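Chemist: Any chance you could fold what I've pasted below:
(chains A and B)
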Amino acid sequence: MGKSEDRRLVAHLMRRAGFGATSSELDELSAVPYEQVVDTLLDPPDKSWMGEHLIRRFHHEQSGMMSAFGPSEYWLYQMVTTKAPLVEKMTLFWHGIFATGYPKVIHGKVLSNQIAMFRRHGMDGLDELLVELSKDPAMIVWLDNQENHNGAINENYGRELLELFSMGVGNYSEDDIKEAARAFTGWTIGNTEYMVLRSDRDSDMPYGRIAWHFEFKEEDHDYGEKTFLGKTGAFDGSDIVKIICQEDATAGYIARHMYNFFVRDEVPIPSWNDTAPIDAGAIEILKKAYFESNHSIKEMLRVLFNSDFFKDETNWYKRMKSPAELVAGVLRLSGQLDRPRRDIIDHTMKMTFMGQHLTNPPSVEGWHEGEEWIETGALVERVNFAAEQLGNLEMPGVLSMVDQILFEAKSGENIPELCLKQMGSLDVKESIMSMLQETVEKSSTVERETVEDLLRVIAASPEYQRC
Amino acid sequence: MLIKETQKPLLYERTLGMSVMEGKGFYYPNDAVVASNGKIYVLNRSLEARGSGRGMRVTICDSGDEFHGDFGQFGSGLGQFMWPSAICEGPDQKIYITDEHLHKIMIFSSDGVFLKEWGQLGSNPGDMDSPSGIAFSSEGELFVSDTYNHRIQVFTEDGEYVRSFGSSEELNLPWRISLDSAGNIYVADWGNDRICKYSTDGVLLRTFGETGSTEGKFLRPADVVADDTGRMFVCDWGNERIQVLDSDGNFLQSNMGESDLSPWAANFLDINVEEGEARQKSDLHKKDIKYANPNDRHEVSSHIEEYFWSPMSLSLTQDERLYVVESNRHRIQIFEVLN
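Modeler: Modelled structure (predicted):
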């Protein structure tokens, strides 16, 4: 593979495993073997970002997390400034599956804590992640497990754990749901009555939110024998997770989610039972990695990113970027968030207008992704946002790109191609390329403003809106 | 033989305020001044103001828990705030307020009437980039922490530039500033995790502290005030505590916060019976919670209500009280200062 081919492949990897890369980042990354880039993404030596202290000093709301927007603004800062983009991408991946939302929890801090838990455990073994999820205070209240008592079960968490979080519909029985619920009795939050009452009333009086913590109430746990997925024992929640993680259906369900998120848009999840995967062979490869690595998410990802199906160019630009991916990617390129700025408020709001308010999914099923992201109004928002940011010379990242393009153009290189290189070694259709060439040809001299126009056109292109 | 226990300088006395977006209470308060008229002016940053900017205001109350009204509002116009950051009293009982988004300083009368403002973004003399701390000297000069310019600027009470000191080699994103009775200037050198003490004419005399969480060390200090004996009271924001050092920087005391219910808070719980009863049944002092990172003081403080959570500002009063403004808990813990 030649140097430019290496660069294109790494650019594809960074669009999928991260939020895209700048030209200078691609220069560095394409100088080392591809497998090494994957390894670094999976085990980043540097996880630094703008940092919690700087954010909290200026954004007091993102410190106390009293509203529905604090957690998403705080997270957007992390996506935009992190040096470990796959960690954030996996956090986004799990938030889409284990979708937990503000309208019921009414507590930004515990939602932000759940996101932090995904950040810590998102590439661990699935068993560990699901146990953490089951103990997560926001999830407990989101799915009513504080009302799941010995002798009076509430099935919500048990049902969604099986249906949406691990195995998918059709792979378990109603009895399995009930038995799972029994195993999770007593898994609740501390000071349940007061915390839930405050949440119900959206009360932050007298002294602001009090963060929630997991509590196991022995006296409320059903220690009796249960039969779950054909196995019998005095199971508790951790045992239930262990049994789930051994199931072939679980491996297949997680593998298909990964394929959908990192390789190619699948049909919406409710149709998975009726529609075969786009690439059944790829799913089998990922399932094999799951079982051979003792359910390690990280090892599944390593296999995925090094696979032929991931590198296959027919799969490039076949995923519609989610609003979070689009906004974070644009802001990484524009360089606007070099320090805490009130602009984060507008950017997060724009992301909401595009259809994704992080930590506030439409339902427990999360967001419907793929082409559904670009219903008419949302597409206009997406194009406008990208074009306004990346066609704006006041943005430090844009100015830097423009000056680099003009510098390299002096040696006679093709300006549209230089623009595509700066935008992350993007490939565009011939029609877009022609439009870019025409813009250059119409200009008597190519100034910064001309290049600014070209970047605006690229930002609005279908290829930039996809990854 | 009995060993006499050394007297700790800080003794918790009481708490003032509660979380309220409008009227009698505070919402993300980030600074306060106990003025010469006996009133306390509390600057409320509130939410980020996506619409009306509800809750962004100055609450006026007193140490006897009387509420005297409020003034100020969100906006970018004259006398309006977007990121109000610091408040102090100037000559003639005028109230000075900085805004670190609009890069300006505003002057109000003691009853909240807007009088004047000045300031613009920049790095030239007199320009500002996120002014975040403000204090008057006894000679009537106004000292301002010019955060992103990593310097302290001095103005007349009417906003005319006088001089500046400090640089990025000395200061890193300084936050609050205060003066002692001798005219020495103390700066919370936030990004360098230390306190800088300057002479009146801006010569760096000493620094105190270094990065850390043990005694005498700091993590992103937000504020510092000194009493007549030279003892320094440091708002160790990143460690969610107040530390007291002697004039040589020796550690004297650390306090994590001890809040109980303020009269306003107690009244709220009396009226809202269901919440009050549910609270009675709760253990809000639980210390054995398992944290992902037990050393994450911000996280610990988010669970334990009596602890400081984001303490941002200190005021030392003539009646020997230390007021600690806590942003995330929307209250002020008051300590008696013992000699």
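Chemist: How about the contacts made by the closest residue to chain A within the stretch 1-150 of chain B?
Modeler: In the stretch 1-150 of chain B, the residue that lies nearest chain A is residue B:18 (4.2 Å; Cβ to the nearest Cβ). Every residue, glycine included, has its C-beta placed from N, CA and C. If you count contacts by Cβ atoms under 8 Å, 6 or more residues apart in numbering or on different chains, residue B:18 has them with A:205, A:206, A:207, B:25, B:26, B:262, B:264, B:265, B:268, B:330, B:331.
Chemist: The fourth one reaches residue B:61, doesn't it?
Modeler: Right, residue B:25. No. The criterion here is Cβ atoms under 8 Å, and residue B:25 misses it with residue B:61 at 9.2 Å.
Chemist: Please enumerate the shared neighbours of the two.
Modeler: residue B:17.
Chemist: between these two, who's got more neighbours?
Modeler: Neighbour count, other Cβ atoms under 10 Å in any protein chain shown: between residue B:25 and residue B:61, residue B:25 has more, with 26 against 23.
Chemist: quick one, strands of the stretch 51-200 of chain B?
Modeler: B:57-62, B:67-71, B:84-89, B:95-99, B:104-108, B:114-118, B:131-136, B:142-146, B:151-155, B:161-165, B:177-179, B:185-189, B:194-198 (DSSP state E, counting those that start in this stretch).
Chemist: Same list, these, but as TSV with distance to chain A and mean pLDDT please.
Modeler: Output for those, formatted as TSV (distance: least, Cβ to the nearest Cβ, whole Å; pLDDT from 0 to 100):
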stretch	distance to chain A	mean pLDDT
strand B:57-62	14	98
strand B:67-71	15	98
strand B:84-89	9	98
strand B:95-99	11	98
strand B:104-108	15	98
strand B:114-118	19	98
strand B:131-136	9	98
strand B:142-146	12	98
strand B:151-155	17	98
strand B:161-165	21	98
strand B:177-179	15	98
strand B:185-189	11	98
strand B:194-198	15	98
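Chemist: picking up where we left off before, now list the buried members of the contacts of residue B:18.
Modeler: A:205, A:206, A:207, B:25, B:26, B:262, B:264, B:265, B:268, B:330, B:331 (16 or more other Cβ atoms under 10 Å in any protein chain shown).
Chemist: Which two of the contacts of residue B:18 have the greatest separation?
Modeler: B:26 and B:268 (13.0 Å; Cβ to Cβ).
Chemist: Whether stretch A:145-157 contacts chain B - can you check?
Modeler: No. For stretch A:145-157, no contact with chain B is found by Cβ under 8 Å from any Cβ of the partner chain; the gap never falls below 13.4 Å.
Chemist: gap between that stretch and the chain center?
Modeler: 30 Å (Cα atoms, centre = their mean, to the nearest Å).
Chemist: now swap in stretch A:430-443 and tell me
Modeler: The answer for stretch A:430-443 is 34 Å, by Cα atoms, centre = their mean.
Chemist: who touches it?
Modeler: A:415-416, A:419, A:428, A:446, A:450, A:453-454, A:457-458, A:461-463.
Chemist: can you put those in CSV and add neighbour count, distance to residue B:126 and pLDDT?
Modeler: Shown next, in CSV, are those (neighbours: other Cβ atoms under 10 Å in any protein chain shown; distance: Cβ to Cβ, whole Å; pLDDT from 0 to 100):
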residue, neighbour count, distance to residue B:126, pLDDT
A:415, 20, 43, 94
A:416, 23, 46, 95
A:419, 24, 41, 97
A:428, 21, 49, 95
A:446, 15, 40, 82
A:450, 18, 38, 92
A:453, 18, 38, 93
A:454, 26, 40, 95
A:457, 19, 42, 95
A:458, 25, 42, 96
A:461, 23, 46, 95
A:462, 14, 50, 94
A:463, 16, 48, 95
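Chemist: Out of the residues you listed, which comes closest to chain B?
Modeler: residue A:453 (28.3 Å).
Chemist: The closest one in helix, strand or coil?
Modeler: At residue A:453 the chain is in helix, as set by DSSP: H, G, I helix; E, B strand; the rest coil.
Chemist: contacting residues for it?
Modeler: For residue A:453, the contacting residues are A:391, A:439, by Cβ under 8 Å, 6+ apart.
Chemist: So which residues of chain A form strands?
Modeler: Taking DSSP state E to define them, one finds strands in chain A at A:187-189, A:214-216, A:226-228, A:231-233.
Chemist: which of the ones you listed sits most buried?
Modeler: strand A:187-189 (a mean of 24; mean count of other Cβ atoms under 10 Å in any protein chain shown).
Chemist: neighbours of residue B:248, just the number please.
Modeler: Around residue B:248 there are 9 residues (other Cβ under 10 Å).
Chemist: same check, this time on the one 4 residues further on
Modeler: Burial of residue B:252 is recorded as 18 neighbouring residues (other Cβ under 10 Å).
Chemist: hang on, it is in a strand, isn't it?
Modeler: Yes. Counting by three-state DSSP, residue B:252 falls inside a strand.
Chemist: quick one: contacts for it?
Modeler: B:8, B:9, B:231, B:244, B:245, B:246.
Chemist: Could you find the closest non-adjacent residue to it?
Modeler: residue B:244 (4.3 Å; Cβ to Cβ, 6 or more residues apart in numbering or on different chains).
Chemist: what's the burial count for residue 338?
Modeler: Since no chain was named, I'll use chain A. Neighbours of residue A:338 using other Cβ under 10 Å come to 11.
Chemist: The intended chain is chain B.
Modeler: 10.
Chemist: Could you pull up the residues touching it?
Modeler: Counting by Cβ under 8 Å, 6+ apart, residue B:338 touches B:7, B:8, B:9, B:10, B:11, B:320.
Chemist: out of those, who's nearest residue A:371?
Modeler: Once Cβ to Cβ is applied, the member of the contacts of residue B:338 that ends up nearest residue A:371 is residue B:10, at 61.7 Å.
Chemist: Is the closest one bridged to anything, and to what?
Modeler: residue B:337 (DSSP bridges).
Chemist: Nearest to chain B: which residue in the stretch 301-450 of chain A?
Modeler: Counting by Cβ to the nearest Cβ, the stretch 301-450 of chain A gets nearest chain B through residue A:345, at 5.2 Å.
Chemist: Surely that residue is in contact with residue A:73?
Modeler: Yes. Taking contacts as Cβ under 8 Å, residue A:345 lies within contact range of residue A:73: 6.6 Å.
Chemist: Pick out whichever of these two has more residues nearby.
Modeler: Between residue A:345 and residue A:73, counted using other Cβ under 10 Å, the more crowded position is residue A:73 (24 against 17).
Chemist: Tell me how many other residues crowd residue A:135.
Modeler: 22.
Chemist: And the pLDDT at it?
Modeler: pLDDT for residue A:135: 98.
Chemist: and what of the one 3 residues further on?
Modeler: According to the prediction, residue A:138 has pLDDT 98.
Chemist: what secondary structure does residue B:238 sit in?
Modeler: Looking at residue B:238 with three-state DSSP, the answer is helix.
Chemist: show me what contacts it?
Modeler: Counted by Cβ under 8 Å, 6+ apart, residue B:238 has contacts A:53, B:193, B:218, B:219, B:220, B:221, B:297, B:298.
Chemist: From the contacts of residue B:338, list just the buried residues.
Modeler: Using 16+ other Cβ under 10 Å, the buried ones in the contacts of residue B:338 are B:9, B:10.
Chemist: Nearest to residue B:148 among the contacts of residue B:338?
Modeler: Nearest to residue B:148 among these, with distances taken as Cβ to Cβ, is residue B:10, at 32.7 Å.
Chemist: residues contacting the residue in the stretch 201-350 of chain A that chain B sits nearest to?
Modeler: Minimum separation of the stretch 201-350 of chain A from chain B (Cβ to the nearest Cβ) falls at residue A:206, amounting to 3.4 Å. For residue A:206, the contacting residues are B:18, B:19, B:261, B:262, B:264, B:265, B:268, B:269, B:331, by Cβ under 8 Å, 6+ apart.
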